[in-house]
Structure formats: C-alpha cells, structure tokens
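Novice: What follows is a protein structure lacking sequence information:
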C-alpha cells in the first residue's frame, strides 16, 4: 500500500488518465458546471412524481437524460436514494450506470469519513473497479484527521478516481470546526488544504490538475484570506456550491478563489432541477447555469 499522498497514472493501465486530468478536460470542453441530483420529496412532488423508488428512478434518469454529455459532471446525493432503503440504493446504482453510459463524470456525494478498515470498506464500495456503486469521485469528511482518508486516497489513486475533501463549507455550523486553530497555530481548514496539496504534489509537478479535490463554498466571504489558506498551491479541483445565480458573483469569487478560480467546478442542484420535469427546460437551465459559471470563473 502507498502512503495515500500521491495520485499517479497507473503503470498497469496504459492511457488511463487520473480523475483530475479528466475533470480538467471536461470543464474545458463543457464548462465548469456540476449538476446535482437531489430528489427530495418536495421536488419529486413539484415534478408530479410519487415519493417512492419508482418516482425516484423516473426523476434521476430524466435528469441524466437531459444533462448527460452536456455538463462536466453530475453529482447524485446519496442520502436521497438511501432513504428509500435497498430499492433506493438500486436506483442509485442504475443512475450511476446511466451517467457512465452518457459519458459524463460522476461525483457521488456521500461525505464518508472513518478510520482503518471501515474507511477501507467505504473506499471499496465507491472507488473500486467493478463496484456496483463506483463513481468517478466521491465526497469525504476529514474530521477524524486527514490521515484517516488514506484508504480512500490510495484506492482512488490506484483506480484513476478522485475524492473531494470537505474543507470550507458555507453552512453556519461549519466555521466552529473548520476555522478552529490548534497547537500548530493553523486552522483545521488550512491543515486540510495543505494535506490536499501534498496529495496532489505529483500531479502539480507533471503540470496537471490533482485528483484530490476540496469542497469550498463560494459564499464563505474572506475566510480563505483570513485563515492564511493558499488554494492555488493545493492544485486541487474545487467543488463550489453557491456560484452565479446561487449567490456569488465575480467579486465574491475573486475574494474566495483568487488565482485558483480556473480550478473551480460550480455545483448547482435546485437551480437546474426546479426547471423540470421537461427535458428541454432542464437542458436550457443547465446551459444557462454553465454560461453563468463560465463568465464568473473563466472570464
């Protein structure tokens, strides 16, 4: 096993690009937008669908059909599938397969975080080749220590997949943990970002985007500067809710992301999903959101 701190192309899989390189290519070709699939009950109702596994399936596959191949990534939120039990998880498997078939990157939002063999189990569930719930990348929580993510970092590197580590979220409760300063006189968030920088060092030396990403809210204000965090040095893809019509404009994005703006993948869910259920309306909403994100992030 490696030390979990590098992301390299596997020598035994010639031509396989790591997740970061594939994501950078997708953002360049299709724009910096990730569309979430968040089938909560109220949204299913607004689409005229029952809050059942059948309604869940109809919803999720309609979204994939509408935006697959047209956006850089699609992000199913696992919780909204899990709440329906085994039938919902089966729909999630089918949804991930449909995203792959559409030729679109999948980011499964599971926010897993544990230690040792348990974290290894989560990694096998979502990052192993051939796993029913395998995605191109997953979200993970580092709050048992960045080193606890090693099983996921290792397996992602081996299989060419990625992880997005929670770093600076925009929920009000997050600051009490993420902004806290320890004995090192560095904030927790800064330690997480520096951990990602170490994980992405090989990719940075090769001139490619790393595969260990960070979740950074676009509406966190001056937190990055105030906590002494260098997002550009992390060479990380930055999954960012709150871009464009969701709240953060060009000035806010400059303040949060600065020189790292080109690495930002704007995440939107309801901003696109509320345009449904018509596929043409969903596609138009996704196109508009992509244009807004590109103007804000890549002008």
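Specialist: Received it, and whenever you're ready, just let me know what you need. Computed from a predicted structure; not experimentally measured.
Novice: quick one: the helices in this protein?
Specialist: Using DSSP state H, the helices found in the chain span residues 19-30, 41-46, 53-67, 78-82, 85-101, 116-127, 150-159, 175-178, 188-199, 201-206, 223-226, 250-257, 270-273, 279-298.
Novice: which stretch in the ones you listed has the least confidence?
Specialist: In terms of mean pLDDT, the lowest-scoring of the helices of the chain is helix 250-257 (a mean of 81).
Novice: which residues are contacting it?
Specialist: 216-225, 231, 238, 240, 243, 248, 261, 263-264, 295-297, 299 (CB atoms under 8 Å, 6 or more residues apart in numbering). In this view, the C-beta of every residue, glycine as well, is placed from N, C-alpha and C.
Novice: Buried only: go through these for me.
Specialist: Taking 16 or more other CB atoms under 10 Å as the criterion, what is buried in these is 216-218, 220, 223-224, 231, 238, 240, 243, 248, 261, 263-264, 296-297.
Novice: just those residues: which has the poorest pLDDT?
Specialist: residue 248 (72).
Novice: Okay, and the beta partners of that residue?
Specialist: Beta bridges link residue 248 to residue 243, judged by DSSP bridges.
Novice: That one and residue 226, how far apart?
Specialist: In this view, residue 248 and residue 226 are 17 Å apart by CB to CB, to the nearest Å.
Novice: mind checking how far the residue lying farthest from the centre of the chain is from residue 113?
Specialist: Most distant from the centre of the chain: residue 183, at 30.3 Å, with distances by CA atoms, centre = their mean. Remark: distance between residue 183 and residue 113 (CB to CB) = 22 Å.
Novice: Equivalent analysis for residue 39, please.
Specialist: The value you get for residue 39 to residue 113, if CB to CB is used, is 24 Å.
Novice: likewise residue 45?
Specialist: Separation of residue 45 from residue 113 (CB to CB): 32 Å.
Novice: the more surrounded of the two?
Specialist: residue 113 (20 against 12; other CB atoms under 10 Å).
Novice: how about the more buried one, what does it touch?
Specialist: 119, 140-144, 148-149.
Novice: Swap in 6 Å and give it another go.
Specialist: Shown in contact with residue 113 (CB atoms under 6 Å, 6 or more residues apart in numbering): 140-141, 144.
Novice: Quick one: buried ones out of these?
Specialist: Buried, going by 16+ other CB under 10 Å: 140-141, out of the contacts of residue 113.
Novice: What about the contacts of residue 113, which are in strands?
Specialist: residue 140 (DSSP state E).
Novice: can I get the contacts of residue 113 in TSV with pLDDT and distance to residue 283?
Specialist: Output for those, formatted as TSV (pLDDT from 0 to 100; distance: CB to CB, whole Å):
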residue	pLDDT	distance to residue 283
140	98	31
141	98	33
144	97	40
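Novice: Out of the contacts of residue 113, flag the one nearest to residue 202.
Specialist: Distances from residue 202 to the contacts of residue 113, taken as CB to CB, are shortest for residue 140 (19.5 Å).
Novice: Report the beta-bridge partners for the residue nearest to that closest one when sequence neighbours are not counted.
Specialist: Spatially, and ignoring its direct neighbours in sequence, residue 140 is nearest to residue 163 (5.1 Å; CB to CB, 6 or more residues apart in numbering). On the basis of DSSP bridges, residue 163 is bridged to residue 138, residue 212.
Novice: neighbours around residue 163, how many?
Specialist: 28.
Novice: Please list all residues in contact with it.
Specialist: 138, 140, 152, 156, 212.
Novice: So which of the helices of the chain is nearest residue 109?
Specialist: In terms of CB to CB, the element of the helices of the chain nearest to residue 109 is helix 78-82, at 6.1 Å.
Novice: Now that closest one: buried residues?
Specialist: 78, 80-81.
Novice: Return the list of helices and strands in contact with that helix.
Specialist: Counting contacts by 3 or more CB pairs under 6 Å, 6 or more residues apart in numbering; DSSP states H and E, helix 78-82 is packed against helix 85-101.
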